[in-house]
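[1] starting from these lines, generate the structure:
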Amino acid sequence: MTDDETEAENQMEIATEAIREAGLRFLQEGKIDPQYIVLAAAGVTGELGADVAHLGGVDLETVLGDLADLVREAGRAHAEDPPVMG
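    Below you'll find the model as predicted:
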């Protein structure tokens, strides 16, 4: 693995944990219906994907399709082996 790949992986892990912690905090507080947390996260994911496509000069539908695939894979992986929450 190159230094760039290691750095990208580290940044991905940091971002993932920050987003996960925020979502879990909302769930634990119980003030927002879980389905709205998921819908909001999906909406923001789409918005960020559109921004990345625009800024990178990449086809929007390609980016959104890749995001949909990633969400599907992550959901399936989580369903198969959910993490233990403490």
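[2] who are the packing partners of the longest helix along the chain?
    Using DSSP state H to define each element, the chain has its longest helix at helix 3-29. Applying 3 or more C-beta pairs under 8 Å, 6 or more residues apart in numbering; DSSP states H and E, we find helix 3-29 packed against helix 34-56. Using the backbone N, CA and C atoms, a C-beta is placed for each residue, glycine as well.
[3] helices or strands next to the helix it packs on in the packing?
    helix 3-29, helix 60-80.
[4] of all those helices, which lies closest to Gly43?
    Checking those against Gly43 by C-beta to C-beta gives helix 60-80 as the closest, at 11.8 Å.
[5] how far away from the center of its chain is that closest one?
    Centroid separation for helix 60-80 versus its chain: 9 Å, with C-alpha atoms, centre = their mean, to the nearest Å.
[6] hmm, who's touching that helix?
    For helix 60-80, contacts defined as C-beta atoms under 8 Å, 6 or more residues apart in numbering pick out Ala42, Thr45, Gly46, Gly49, Ala50, Val52, Ala53, His54.
[7] scan the residues you listed and report the most crowded one.
    Counting neighbours by other C-beta atoms under 10 Å, the top entry in those is Gly49, with 20 neighbours.
[8] what's the closest of the contacts of helix 60-80 to Asn10?
    Checking the contacts of helix 60-80 one by one against Asn10 (C-beta to C-beta), the nearest turns out to be Val52, at 19.0 Å.
[9] go ahead and confirm that closest one touches Thr45.
    No: between Val52 and Thr45 there is no contact under C-beta atoms under 8 Å: 10.5 Å.
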